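Enquirer: Provided below are the primary sequence and the corresponding predicted coordinates.
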Amino acid sequence: MTLHGYLNIDKPAGPTSHDIVARVRRLAGRSTRVGHAGTLDPMATGVLPVALGHATRLIEYLADARKGYVGLVRLGVTTATDDAEGEVLATRPVPPLDDAAIEAAVTPLRGAILQVPPAYAALHYQGRRLYDLARAGAAPELPPRTVVIYRLDWEHAGPDTLRIVVECGKGTYIRSLARDIGAALGCGAHLAALRRTFVGPFHLDTALPLDTLGGDPAQLAAALLPLETAIAGWPAITLDAEQARRVANGMPVDLPALGGERARAYGPDGALLAVLRRSGDHWRPEKVFLA
């Protein structure tokens with residue numbers, strides 16, 4: 001039986017996001033498609049949505065979802081990777097820092113900002129991964145990219161450590177925020193620890209530790225969240241039999257006024273049938289989910 005839905009995994013430190021997907025695939029069976037939404041570095045922990053079956057076709061809609069993080073910024077030490085796993089590049093004394101100085105360093109990093117990705121990142125550059133180029137000593141000078149920081153709060157977590165709470169949009173590197181805070185303070189910094197607290201509708205308080213899945217496929221099935229969890233905030237409509245037939249065959253339908261550009265469409269049986277997209281006065285199926 002093919003499984004369809006989401007797992008909200010609390011990723012531990014150590015394994016890669018790909019490792020988590022591989023473990024879930026072994027439990028679900030090789031015939032089940034498995035993917036994840038939003039890569040976490042090996043050292044990072046927290047929310048990792050894992051999609052199974054039809055849910056993998058909805059991952060793209062999580063790309064624009066807000067994400068939340070809690071991190072520790074170690075001041076006075078810069079590393080090649082901008083986190084605790086990289087080679088130490090420089091160590092500098094941390095000057096006396098009052099709250100006003102720290103706030104002045106953090107303020108420009110809120111809102112829509114230009115951010116340079118870390119040299120060791122999974123981004124592609126001229127057909128190669130940045131981290132492969134960096135390891136070969138050929139890291140390019142990257143242009144900054146626009147990212148959005150909706151929230152960036154901080155507090156002291158030690159004489160040379162700040163605790164930051166971040167809510168951000170897609171493409172944001174928390175490692176880069178740590179690096180840039182250190183640069184603004186004149187002492188350098190790196191990200192010492194990171195925990196993701198949410199990805200869109202997936203939150204840490206309902207995330208499952210990986211080990212709770214054990215080795216039993218039945219436990220995996222019982223932990224699955226519904227297919228539509230990733231798009232739960234969209235308008236929804238239940239189609240009648242004729243509308244459902246048209247949608248299942250890729251044809252547009254006329255519907256009552258719905259907010260937004262996309263909607264969830266359910267069949268008469270109550271199961272998610274399709275993602276619809278507004279097209280003029282009609283709604284066209286963008287993705288159809290058939291058993």
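Expert: Noted; the coordinates are in hand. Numbering: from 1, shown residues only.
Enquirer: Now do the helix or strand containing V106: which elements does it pack against?
Expert: Assessed by DSSP states H and E, V106 sits inside helix 99-106. Counting contacts by 3 or more CB pairs under 8 Å, 6 or more residues apart in numbering; DSSP states H and E, helix 99-106 is packed against strand 145-158, helix 174-185. Yep, even glycine has a C-beta here, placed from its N, CA and C like the rest.
Enquirer: What angle do helix 174-185 and that helix make with each other?
Expert: Relative orientation of helix 99-106 and helix 174-185, computed by axes from the mean of the first three to the mean of the last three CA atoms, to 10 degrees: 130 degrees.
Enquirer: Mind listing residues that contact helix 99-106?
Expert: Helix 99-106 has contacts (CB atoms under 8 Å, 6 or more residues apart in numbering) with 152, 154, 162, 181, 184-185.
Enquirer: same thing but at 7 Å, please
Expert: With CB atoms under 7 Å, 6 or more residues apart in numbering as the test, helix 99-106 has contacts from 152, 154, 181, 184-185.
Enquirer: Repeat that for stretch 273-285.
Expert: Under the criterion CB under 7 Å, 6+ apart, residues 239, 244, 247-248, 250, 252-255, 261-267, 286-289 lie in contact with stretch 273-285.
Enquirer: Narrow those to just the buried residues.
Expert: 239, 244, 247-248, 252-253, 255, 262-267, 287-289 (16 or more other CB atoms under 10 Å).
Enquirer: burial measure for I102, as a count.
Expert: Per other CB atoms under 10 Å, the neighbour tally for I102 reads 18.
Enquirer: If you could redo that for A207, that was the one I meant.
Expert: For A207, the neighbour count with other CB under 10 Å is 22.
Enquirer: before we move on, what about the one 4 residues further on?
Expert: Residues within reach of D211, counting by other CB under 10 Å, total 8.
Enquirer: is it true that it lies in a helix?
Expert: Yes - assessed by DSSP: H, G, I helix; E, B strand; the rest coil, D211 belongs to a helix.
Enquirer: then the helix or strand encompassing A265 to CSV, C-alphas only?
Expert: Secondary structure assignment for A265, by DSSP H and E: strand 262-266. Extracted in CSV, the C-alpha atoms of strand 262-266 (Å, rounded to 0.1, in the frame of the first residue of the first chain):
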residue,chain,number,x,y,z
ARG,A,262,-5.4,28.7,-5.6
ALA,A,263,-7.8,26.5,-3.7
ARG,A,264,-8.2,23.0,-2.3
ALA,A,265,-10.8,20.9,-4.1
TYR,A,266,-12.4,17.9,-2.4
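Enquirer: Now the element after it, going C-ward?
Expert: strand 272-279.
Enquirer: What pairs with that following strand, parallel or antiparallel?
Expert: Here strand 272-279 has these sheet partners by DSSP bridges: strand 262-266 (antiparallel), strand 282-288 (antiparallel).
Enquirer: Can you give me the distance of R145 to T172?
Expert: Per CB to CB, to the nearest Å, R145 is found 9 Å from T172.
Enquirer: Please say which of the two ends up with more neighbours.
Expert: More neighbours surround T172 than the other of R145 and T172, with 22 against 15 (other CB under 10 Å).
Enquirer: Name the nearest residue to the more buried one, ignoring sequence neighbours.
Expert: V147 (4.3 Å; CB to CB, 6 or more residues apart in numbering).
Enquirer: Tell me how the chain divides into domains.
Expert: Taking automatic domain parsing as the criterion, the chain consists of the domains 5-65+201-230, 67-192, 234-288.
Enquirer: L227 contacts H54, doesn't it?
Expert: Yes - using CB atoms under 7 Å, L227 is in contact with H54, at 5.6 Å.
Enquirer: Quick check: neighbours shared by these two?
Expert: By CB under 7 Å, 6+ apart, the residues touching both L227 and H54 are 4, 289.
Enquirer: So, low pLDDT: which residues of the stretch 1-150 of the chain?
Expert: Within the stretch 1-150 of the chain, the segments meeting pLDDT under 70 span 1, 119-141.
Enquirer: which residues of it fall in strands?
Expert: 5-11, 34-36, 45-52, 67-75, 77-79, 88-91, 111-115, 124-125, 128-129, 145-158 (DSSP state E, counting those that start in this stretch).
Enquirer: returning to what we had before: ok, the buried ones among the contacts of stretch 273-285 vs G76, which is closest?
Expert: Checking the buried ones among the contacts of stretch 273-285 against G76 with CB to CB, the nearest one is R262 at 47.2 Å.
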